[in-house]
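Asker: no sequence for this one, just the structure:
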């Protein structure tokens, strides 16, 4: 008689670990705020050397370094700490790929607090009416987003520009919800004959203009301040960029915007939409699928599947759409043809 497969006994480990998962976030933010990763990168590897460099107690430094080691940000050997390859690339302030600024936005109380009343939010199906502030005009949180999240957007912006900007043909590009402006700026850098128009709140566009100046493309970068739903885009755009915007709104609202986009495009124009796009099962790939939880912090937003996004574009008048992977970035593109 064959024995039945051995099943793993129930364990409370996943419950305990998940309820304490916030410790990972605050420990990483502490490491970033103290510039601990740069201190280690500069050769401070012993506990006393790190503590001295970051001006913290040895006990606190030990607890933090050991915790960061256990969750995968440091390596400890013989009482000394070194960086992992990921930490060296993204958390050492001297690295060109430094992403520590993201903590300023992702751990901002106004962002992290959007799901503070998660039980009521789930009952309601989205942010409660009293918590809609993040979408108010000129909200300063989006200036913080533009400054803090630019480091994460640099790679996808450059990848998309290499795919679609061409090298020298004259093109007109509209960047909706431009924020830091990096998506449109990447097109201007890739193509010396690209002219870019950024749409966002006036206070946010100041960041985009700063970045355009730094990139040397300010003479080909102009702005349209105001709500993307209200401002007149004009017409004749070869490319309209809609990066990470549609997930804030419900399908009817998105279709209203996409009809404006369709009208603004030249006859052979395309809309390019980078988004977190889960598979139809809504549980894979995990990073894209989990984004729907973050969007519960908005009044009606969601992480939309490709079939849902394709339907929105089709209802707005687009002839066809296709989805493309954006490896190694954990996002996907919807490319929609007028």
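Answerer: Yep, it's here. Owing to the predicted nature of the structure, the values given are computational and were not obtained by experimental measurement.
Asker: neighbours around residue 101, how many?
Answerer: 17 (other CB atoms under 10 Å). Every residue, glycine included, has its C-beta placed from N, CA and C.
Asker: how about the contacts made by the closest residue to it other than its chain neighbours?
Answerer: Once flanking residues are discounted, residue 101 sits nearest to residue 148: 4.6 Å by CB to CB, 6 or more residues apart in numbering. Contacts of residue 148 were listed using CB atoms under 8 Å, 6 or more residues apart in numbering, and they are 101, 102, 103, 104, 105, 106.
Asker: what about 6 Å?
Answerer: Residue 148 makes contacts with 101, 102, 104, 105, as judged by CB atoms under 6 Å, 6 or more residues apart in numbering.
Asker: now, those residues that are in strands?
Answerer: Residues of the contacts of residue 148 located in strands (DSSP state E): none.
Asker: among those residues, which lie within helices?
Answerer: The helices, defined by DSSP state H, take in 102, 104, 105 from these.
Asker: break this structure into its domains for me.
Answerer: Under the assignment automatic domain parsing, the domains of the chain span 13-96, 124-337.
Asker: got the ones you listed as CSV, with distance to residue 116 columns?
Answerer: Formatted as CSV, the domains of the chain follow (distance: least, CB to CB, whole Å):
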stretch, distance to residue 116
domain 13-96, 12
domain 124-337, 9
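Asker: out of these, deepest packed?
Answerer: domain 124-337 (a mean of 18; mean count of other CB atoms under 10 Å).
Asker: scan the contacts of residue 148 and report the most crowded one.
Answerer: In terms of neighbour count, residue 105 stands highest of the contacts of residue 148 at 20 neighbours, by other CB under 10 Å.
Asker: give me the spatial nearest neighbour of that one, chain neighbours excluded.
Answerer: Residue 105 sits nearest to residue 148 (CB to CB, 6+ apart), 3.9 Å away.
Asker: just to revisit the earlier point, ranking the domains of the chain by mean pLDDT, which is last?
Answerer: Ranked on mean pLDDT, the bottom entry among the domains of the chain is domain 124-337, at a mean of 93.
Asker: so how far is it off the chain centroid?
Answerer: Its chain's C-alpha centre and that of domain 124-337 lie 11 Å apart, by CA atoms, centre = their mean, to the nearest Å.
Asker: how many residues are close by residue 116?
Answerer: For residue 116, the number of neighbouring residues by other CB under 10 Å comes to 11.
Asker: confidence score at it?
Answerer: Looking at residue 116, the pLDDT reads 77.
Asker: now it: phi and psi?
Answerer: With angles defined as degrees, to the nearest 10, residue 116 sits at phi -60, psi -40.
Asker: any idea how far residue 266 is from the residue lying closest to residue 117 once chain neighbours are set aside?
Answerer: Of all residues beyond its chain neighbours, the one nearest residue 117 is residue 128 (6.8 Å), with distances taken as CB to CB, 6+ apart. Distance from residue 128 to residue 266, counting by CB to CB, to the nearest Å: 42 Å.
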